[in-house]
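K.L.:
Sequence first, then the predicted structure:
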Number of protein chains: 2
Amino acid sequence: MEKVRIGIVGVGNMGSNHSRYLTAGEVPDGELVAIADINPDRIDWAKETLGEKVQCFGTAEDMFNSGAIDAAIIATPHYDHPPLAIKAMNQGIHVLIEKPAGVYTKQVREMNAVADKSDCVFGLMFNQRTLATHQKMRDLVASGDLGEVQRTNYIITDWFRSQSYYDSGGWRATWSGEGGGVLMNQCPHNLDLWQWICGKPNRVRAFIGFGKFHDIEVDDSVTAYVEYPNGGTGVFITTTGEAPGTNRLEVAGDNGKVVLENGNITFWRTRGSVSKFNKEYKGGFGSPEVWKCDIPASGGEGHKGITKNWCDAIRNGNDLLAPGVEGIHGLEIANAMLLSAWTDDWVDLPISDDLYHAELQKRIDSSTMVKEDTGTVLNVAGTH
Amino acid sequence: MEKVRIGIVGVGNMGSNHSRYLTAGEVPDGELVAIADINPDRIDWAKETLGEKVQCFGTAEDMFNSGAIDAAIIATPHYDHPPLAIKAMNQGIHVLIEKPAGVYTKQVREMNAVADKSDCVFGLMFNQRTLATHQKMRDLVASGDLGEVQRTNYIITDWFRSQSYYDSGGWRATWSGEGGGVLMNQCPHNLDLWQWICGKPNRVRAFIGFGKFHDIEVDDSVTAYVEYPNGGTGVFITTTGEAPGTNRLEVAGDNGKVVLENGNITFWRTRGSVSKFNKEYKGGFGSPEVWKCDIPASGGEGHKGITKNWCDAIRNGNDLLAPGVEGIHGLEIANAMLLSAWTDDWVDLPISDDLYHAELQKRIDSSTMVKEDTGTVLNVAGTH
């Protein structure tokens, strides 16, 4: 294969961002050859901006059928990620989807089943996995340096959004249009990183404010308690109602604790295992010796890095940093949190895909939210 | 009144600490004239250490009846704080009790009722209220500088205790002897500060590990979610199983957020109200301007400061920094957390005193914990 011939479905905020670095030649293994958008204004924008070499299609299907592309980046609103990815892969087109993988696990599990049977390279735009800080956090846990994880705490409340943000699109922050709020739109990265670094919980109890800070019907304030298979515990807190908010991930393990905040990683490393000290120390009061260690980690290519990695995987068969089938993990945690809040009860993982879908549909059916309708499902203006 | 004539009930770790600064003359308005302890070894210690001016009694009652004291510091194990405080106040003796106020709200409410009817000055050893950092945190909230509180997060996991600590006393970390674990022994200060600074929640949902990190029957790992009357939310996390652990209090309000960690207060102050910006800003993406402010606060007299304040209140009628009747607030939160975990359900505040007492009694009755019995209820060695 020469360069991977890429088409983008949806050139709103994110799709147009991908088009920019691709047309600038910043992804050596790939080239942008087509876009598809159902919004004529975006087609006009693409024709003006991307040059004559990039074909424009009015629908994703027309682009998939054209034979012009080897691979598609799907940057539409959330609900459409799985059906479009399935269509593409069924035609042998490699796929990179924007986050989240989908809105509910049922549709994502179907997408993953198609991917499993397909030879297509299926990636997910978890661009934050490219950051050295996140990779290092994962490394500190996976390598055993931190010891067995006992407690995680992720405060990710620096997602402030004003009411005008929510008013900017008819589909935005509605059950039918977006399928959720802060968990579905802002937090897919954080939920993915949390499970990528610390592992996946097996039990969730969440407390959620719906339209607490904004005139919306979906979640804009979340506190969730989780338990892990090893008996460890965790807390995840997010909101779009705070400013400036906090972005702080703390992980306590048997060899101390590590904190990622403000782009810096600090590892308070106990000289020996905490559990060993606990058992063997005979002095009553007293605690393990601790070394405060500044852990080096900086840089990361972001979106472009994921696209480069995906093209490299297509051309050279190398591993994906963010396989598409892993998108279900963070989504399942988000679904479990919403289900826990709706039922005011514990939710075990794996969740019931059907129950979640039914509960979501109830909220779509009973929605009384009146928002200006932008008229299309695939209007991606403002998506990110 | 000349100097306040003070007697100490229980000269274990804490009681002997109080005796040291009192005999050193560091509390101008008070003098140590007596101690009471049922442990003959501690009487011997007192005779050797405190000098002939300090009378020694084998029971608190003998000391109360002696006419030798105006005021008593009660530094016994937790269960005995309320009954001893009640006895003292009923004899017109001013009282300062160690934390916690008691083990269950029912006994503390009885103590408070006696205090309310009495002319005695009734204080509580909430020595951390003397610290300038805590007073400043309270001031930032109470003054309105932080704006209405939306979210609190207190991670106070730097209470590491080894198994040998728990093994050091037969009463320690048992339902019958101590009435609880990390919530009852280590956290009374933190629970008090949390409600003193941020206000009292009206609803609690807690998740507790009993003997999770140690061979004990009581709580040594706690995650609690709370809601406040204004709709705000909070999280409180503690354990004695982590090292080095974390001591970090974050409070988010309508004017930004304030964080107390490592003895430093940082106030990320939004230039205007967050809720006002949320409503009035029309730009979609965008957030309030934030000023990072280092807030000055240092010093504080600790235990001695509380004792000085209590003696000043007795002699001069000035206000107590930590009135004894306020001890019920943090205790009620602790009781609510335990009750929530035991019932795996929400607990509303005010809690049912009788229900909590009954549930605690169940655990005392069904305890199978076998520990070496030190033979006395009032053995205060190792108390703190």
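P.N.:
Here it is on my side, so go on.

K.L.:
And the residue of the stretch 1-150 of chain A closest to chain B?
P.N.:
As assessed by C-beta to the nearest C-beta, chain B sits closest to A:Gln150 within the stretch 1-150 of chain A, at 6.6 Å. For glycine as for every other residue, the C-beta is placed from the backbone atoms N, C-alpha and C.

K.L.:
And for that residue, the neighbour number?
P.N.:
26 (other C-beta atoms under 10 Å in any protein chain shown).

K.L.:
what about it, which helix or strand?
P.N.:
Take DSSP states H and E as the rule and A:Gln150 turns out to sit in strand A:149-156.

K.L.:
Stretch A:207-217 - what's its average pLDDT?
P.N.:
Across stretch A:207-217, pLDDT averages out at 98.

K.L.:
For that stretch, C-alpha coordinates in CSV please.
P.N.:
In CSV, the C-alpha atoms belonging to stretch A:207-217 read as follows (Å, rounded to 0.1, in the frame of the first residue of the first chain):
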residue,chain,number,x,y,z
PHE,A,207,-24.4,10.0,42.7
ILE,A,208,-25.3,12.3,39.8
GLY,A,209,-26.8,15.7,39.4
PHE,A,210,-28.8,16.1,36.2
GLY,A,211,-29.0,19.8,35.1
LYS,A,212,-27.6,20.8,38.5
PHE,A,213,-25.6,23.7,37.2
HIS,A,214,-27.2,24.2,33.8
ASP,A,215,-30.6,24.2,32.1
ILE,A,216,-30.1,20.8,30.6
GLU,A,217,-31.6,17.3,31.2
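
K.L.:
anything in the following helix or strand past the strand holding A:Gln150 near chain B?
P.N.:
Once strand A:149-156 ends, the next helix or strand along the chain (criterion: DSSP H and E) is helix A:163-166. Yes. Counting by C-beta under 8 Å from any C-beta of the partner chain, chain B is contacted by helix A:163-166 at A:Gln163, A:Ser164, A:Tyr165.

K.L.:
Ignoring the adjacent residues along the chain, who's closest to A:Gly180?
P.N.:
In space, and not counting its chain neighbours, A:Gly180 is closest to A:Val218: 5.4 Å by C-beta to C-beta, 6 or more residues apart in numbering or on different chains.

K.L.:
how much does the strand holding A:Gln150 deviate in direction from strand B:149-156?
P.N.:
160 degrees (axes from the mean of the first three to the mean of the last three C-alpha atoms, to 10 degrees).

K.L.:
strands paired with strand A:149-156, and their directions?
P.N.:
If you go by DSSP bridges, strand A:149-156 pairs up with strand A:233-239 (parallel), strand A:247-253 (antiparallel).

K.L.:
which residues are contacting the first one?
P.N.:
The one in question is strand A:233-239. Strand A:233-239 has contacts (C-beta atoms under 8 Å, 6 or more residues apart in numbering or on different chains) with A:150-157, A:159, A:182-183, A:186-187, A:190-191, A:194, A:198, A:201, A:209, A:212-213, A:220-228, A:245, A:337, B:151, B:153, B:207, B:209, B:221, B:223, B:235, B:237.

K.L.:
Please tabulate the residues of helix A:163-166 next to chain B in TSV and include neighbour count and pLDDT as additional columns.
P.N.:
Output for the residues of helix A:163-166 next to chain B, formatted as TSV (neighbours: other C-beta atoms under 10 Å in any protein chain shown; pLDDT from 0 to 100):
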residue	neighbour count	pLDDT
A:Gln163	18	97
A:Ser164	16	95
A:Tyr165	23	94
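
K.L.:
Flag every residue of the stretch 101-250 of chain A that's near chain B.
P.N.:
So far as C-beta under 8 Å from any C-beta goes, the stretch 101-250 of chain A lies against chain B at A:150-151, A:153, A:155, A:157, A:160-165, A:168, A:205, A:207, A:209, A:212-214, A:221, A:223, A:225, A:227, A:231, A:233, A:235, A:237, A:239, A:241-246, A:250.

K.L.:
helix or strand for A:Met14, which one?
P.N.:
With DSSP H and E as the criterion, A:Met14 is inside helix A:13-23.

K.L.:
Taking helix A:13-23 as reference, get the angle to the very next helix or strand once past that helix.
P.N.:
Next along the chain after helix A:13-23, taking DSSP H and E as the criterion, comes strand A:30-36. Relative orientation of strand A:30-36 and helix A:13-23, computed by the same axes, to 10 degrees: 140 degrees.

K.L.:
Listing partners with orientation, what would you give for strand A:30-36?
P.N.:
strand A:4-9 (parallel), strand A:55-57 (parallel).

K.L.:
CA atoms only for that strand, dumped as PDB, please.
P.N.:
Output of strand A:30-36 as PDB, limited to C-alpha atoms (Å, rounded to 0.1, in the frame of the first residue of the first chain):
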ATOM      1  CA  GLY A  30      -1.500   8.800   5.400                       C
ATOM      2  CA  GLU A  31      -3.200  11.400   3.100                       C
ATOM      3  CA  LEU A  32      -6.600  13.000   3.200                       C
ATOM      4  CA  VAL A  33      -8.400  12.200   0.000                       C
ATOM      5  CA  ALA A  34     -12.100  12.700   0.900                       C
ATOM      6  CA  ILE A  35     -14.600  14.100   3.400                       C
ATOM      7  CA  ALA A  36     -18.300  13.500   3.900                       C
END
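
K.L.:
Going along the chain from it, find the next helix or strand for me.
P.N.:
Strand A:30-36 is succeeded, C-terminally, by helix A:40-50 (DSSP H and E).

K.L.:
hmm, who's touching that following helix?
P.N.:
Against helix A:40-50 from outside (C-beta under 8 Å, 6+ apart): A:11-12, A:16, A:19, A:23, A:32, A:35, A:37, A:54, A:56, A:58, A:380-381.

K.L.:
From the chain's centroid, how far away is it?
P.N.:
Here the centre of helix A:40-50 is set off from its chain's centre by 28 Å, with C-alpha atoms, centre = their mean, to the nearest Å.

K.L.:
Going by neighbour count, which residues in it are buried?
P.N.:
By neighbour count with 16 or more other C-beta atoms under 10 Å in any protein chain shown, helix A:40-50 contains the buried residues A:Arg42, A:Ile43, A:Trp45, A:Ala46, A:Leu50.

K.L.:
Then stretch A:345-358?
P.N.:
A:Val347, A:Leu349, A:Ile351, A:Asp353, A:Tyr356, A:His357.

K.L.:
got the angle for the helix holding A:Met14 vs helix A:40-50?
P.N.:
20 degrees.

K.L.:
Helix A:13-23 packs against which elements?
P.N.:
Counting by 3 or more C-beta pairs under 8 Å, 6 or more residues apart in numbering or on different chains; DSSP states H and E, the packing neighbours recorded for helix A:13-23 are strand A:4-9, strand A:30-36, helix A:40-50, helix A:303-316.

K.L.:
now the ones you listed in CSV, with mean pLDDT?
P.N.:
Below are these laid out as CSV (pLDDT from 0 to 100):
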stretch, mean pLDDT
strand A:4-9, 98
strand A:30-36, 98
helix A:40-50, 96
helix A:303-316, 97
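
K.L.:
Where do the helices of the stretch 201-350 of chain A begin and end?
P.N.:
A:274-280, A:303-316, A:327-343 (DSSP state H, counting those that start in this stretch).

K.L.:
what's the average pLDDT for the shortest one?
P.N.:
Here the mean pLDDT over helix A:274-280 is 98, rounded to a whole number.

K.L.:
for the residues of helix A:163-166 next to chain B, which one is nearest A:Gln128?
P.N.:
When the residues of helix A:163-166 next to chain B are compared for distance to A:Gln128 (C-beta to C-beta), A:Tyr165 comes out closest, at 20.6 Å.

K.L.:
now the end-to-end length of stretch A:183-202.
P.N.:
18 Å (C-alpha to C-alpha, to the nearest Å).

K.L.:
Sort out which residues of it are buried, please.
P.N.:
Those would be A:183-201, for stretch A:183-202 by 16+ other C-beta under 10 Å.

K.L.:
among those residues, which are in helices?
P.N.:
A:Pro188, A:His189, A:Asn190, A:Leu191, A:Asp192, A:Leu193, A:Trp194, A:Gln195, A:Trp196, A:Ile197, A:Cys198 (DSSP state H).
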